[in-house]
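Chemist: got a sequence here, can you model it:
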Amino acid sequence: MIIILSVLLTVSICVNIFLGYALDINLDKIETYQNWLLDIKKEVSVTYSKLKDLDDKQMFEKDDDVGFVFSEMVKLIEKLKERTEWKIQKLLDLNQRKKQ
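Modeler: Next comes the predicted model:
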């Protein structure tokens, strides 16, 4: 009986060590992805503001090819901006909950 409990305890300790190691690796990945997402958000915000400045000056006409491509780029950047802001807010909320 003691041998069985010793084996189970040993297996449990090994599994816990493995799970702790896996958790550490995944936390590093999450931190990397979070930093990547923050960098992307900054770049999207800067790009969006520059595109809006160009659009406010109406340098591109809507009826030509360049204007059409420019309009589509503005729409794409707006979508990216919305998505990154939502994800950043979600990550910040998760971090605040972890700290509490």
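Chemist: low-confidence ranges, this protein, go.
Modeler: 59-64, 86-89, 95, 98-100 (pLDDT under 70).
Chemist: in it, where's the longest helix?
Modeler: The longest helix of the chain (DSSP state H) is helix 2-56.
Chemist: helices or strands up against that helix?
Modeler: Using 3 or more Cβ pairs under 8 Å, 6 or more residues apart in numbering; DSSP states H and E, the elements in contact with helix 2-56 are helix 65-99. Using the backbone N, CA and C atoms, a C-beta is placed for each residue, glycine as well.
Chemist: and the angle from the helix it packs on to helix 2-56?
Modeler: Taking axes from the mean of the first three to the mean of the last three Cα atoms, to 10 degrees, one finds helix 65-99 and helix 2-56 inclined to each other by 140 degrees.
Chemist: report all helices and strands that helix 65-99 contacts.
Modeler: helix 2-56.
Chemist: quick one, phi/psi of K57?
Modeler: Dihedral pair for K57: phi -80, psi -10, per degrees, to the nearest 10.
Chemist: state the distance from it to K42.
Modeler: Using Cβ to Cβ, to the nearest Å, one gets 24 Å for the distance from K57 to K42.
Chemist: more neighbours, the two?
Modeler: Legend: neighbour count by other Cβ atoms under 10 Å for K57 and K42, higher for K42 (12 against 8).
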